[in-house]
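Q: Just to be clear, the model below is a prediction. Sequence and coordinates:
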Amino acid sequence: MMKHFLFTIICLSALWSLSAQEQALAIRNNLLNEDCNSVLVVSHRGDWRNAPENSLQAIKNCIDMGVDVVEIDLKKTKDGHLILMHDKKIDRTTTGKGYPADYTLEELRQFRLKSGTGHKTAHLIPTLEEVMLLCKGKILVNIDKGYDYFKDAYTVLEKTGTIQQCIIKAGLPYEQVRAENGDVLDKVIFMPVVQLHKDGVEAVIDSYQTHMKPAAYELVFDNDSPEILNLIKKVRNTGSNLFINSLWPELCGGHDDDRAVELHQPDESWGWIINQGAKLIQTDRPALLLEYLRKKKLHD
């Protein structure tokens, strides 16, 4: 009887593990599949309204609520560890002061992360390795502020077996990214960030399309003029997916999270972004965006 019970537990554990692996693979395939009409939710710095930003708990919350991609930021410690940290200094988000590079990882562990209201919590600064092990098989990870550590991050992805789960991005020309990272660029999903309201943006887009044809572009625009709409259409017509931020007005021409939630205008915010052809929406309101998409039958 006991042997049968243990065998059942082992089988269920194996099935759960397979299911978890399939979850991340399904999200990746969704991102890379042009024929899939669902919209992917990207949570900015994790679920930072309910846990410290860039913390393991903030990321776990995203996994539990069904978010597709979690966005994180990287810095490097004195002894070479990649940690999650948005700011140049640790002052705002931890109980410590100074630059991450001033401390070893062990020294940083003496500090605690602060909540969104600035209060001390029990949470520690996590390493990229810890994050990727937590996310393995469950969710995609978008490294935002972290291009400076591209090759170091790739080493961590290799070690943790999570290369296929990571999106790395930068607002730099193709030629520079290729020169600095070589063939590593071909081994992960790389997403160019293009500011549509800046001069020379079409040349940047054309260069990426000529040499790379990215899976997605992150589009940033501070207005929704006809010129901007034409550029959005240009990128959409390349066949690459669109990643649009709804974090604050200057990133999405005024179609932001607060407009959706506080002004009760989700169709003029998230709906407008979807109508531009966005495949990925980065938000500070992941639970509410998921609810909106599910009502529109654009998310499981």
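A: Noted; the coordinates are in hand. Numbering: from 1, shown residues only.
Q: mind checking the end-to-end distance for stretch 247-262?
A: Taking CA to CA, to the nearest Å, stretch 247-262 runs 13 Å from one end to the other.
Q: Any buried residues in that stretch, and which?
A: 247, 249, 251-257, 259-261 (16 or more other CB atoms under 10 Å). Where you see a C-beta, it was placed from the backbone N, CA and C, and this is true even at glycine.
Q: could you say which helix or strand contains residue 23?
A: With elements taken from DSSP states H and E, the one containing residue 23 is helix 2-32.
Q: Could you point out the helix or strand that follows that helix?
A: Read in the C-terminal direction, the helix or strand following helix 2-32 is strand 40-44, with elements assigned using DSSP H and E.
Q: one step back: pLDDT averaged over the helix holding residue 23 - what is it?
A: The pLDDT scores in helix 2-32 average 61.
Q: what are the ranges of the strands in this structure?
A: Counting by DSSP state E, one finds strands in the chain at the ranges 40-44, 69-72, 74-76, 82-84, 140-143, 166-170, 189-195, 216-220, 241-245, 278-283.
Q: and those strands as CSV, adding distance to residue 228?
A: Below are the strands of the chain laid out as CSV (distance: least, CB to CB, whole Å):
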stretch, distance to residue 228
strand 40-44, 21
strand 69-72, 23
strand 74-76, 30
strand 82-84, 32
strand 140-143, 23
strand 166-170, 20
strand 189-195, 11
strand 216-220, 9
strand 241-245, 12
strand 278-283, 14
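Q: Let's have those in TSV, adding mean neighbour count and distance to residue 100.
A: Putting these into TSV (neighbours: other CB atoms under 10 Å; distance: least, CB to CB, whole Å) gives the following:
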stretch	mean neighbour count	distance to residue 100
strand 40-44	25	20
strand 69-72	26	14
strand 74-76	23	4
strand 82-84	25	6
strand 140-143	24	16
strand 166-170	23	19
strand 189-195	21	23
strand 216-220	24	25
strand 241-245	25	25
strand 278-283	25	24
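Q: which one of those lies closest to residue 22?
A: Minimum separation from residue 22 across the strands of the chain (CB to CB) falls at strand 140-143, 13.5 Å.
Q: what does that closest one rub up against?
A: Among residues not part of strand 140-143, those counted as contacts by CB atoms under 8 Å, 6 or more residues apart in numbering are 24, 27-28, 31, 42, 68-74, 131-132, 135, 153, 162, 165-169, 191, 282.
Q: In space, what's closest to residue 231 - neighbours in sequence excluded?
A: Taking CB to CB, 6 or more residues apart in numbering, and ignoring the residues beside it in sequence, residue 231 has residue 196 as its nearest neighbour in space, at 4.6 Å.
Q: neighbours of that neighbour, just the number please.
A: 23 (other CB atoms under 10 Å).
Q: ok, it to residue 189 distance?
A: As for residue 196, its distance to residue 189 is 21 Å (criterion: CB to CB, to the nearest Å).
Q: same thing with residue 135?
A: Residue 135 sits at a distance of 14 Å from residue 189 (criterion: CB to CB).
Q: quick one on the thing from earlier: which among the buried residues of stretch 247-262 gets closest to residue 233?
A: Nearest to residue 233 among these, with distances taken as CB to CB, is residue 253, at 14.0 Å.
Q: I'd guessed the closest one sits against residue 221; true?
A: Yes: using CB atoms under 8 Å as the test, residue 253 is close enough to residue 221 to be in contact (5.2 Å).
Q: contacting residues around residue 194?
A: For residue 194, the contacting residues are 171, 201, 204-205, 217-220, 235, taking CB under 8 Å, 6+ apart as the criterion.
Q: Any chance of the backbone angles for residue 144?
A: Backbone geometry at residue 144, expressed as degrees, to the nearest 10, gives phi -90, psi -90.
Q: what's the neighbour count on it?
A: Residues lying near residue 144 (other CB under 10 Å) number 21.
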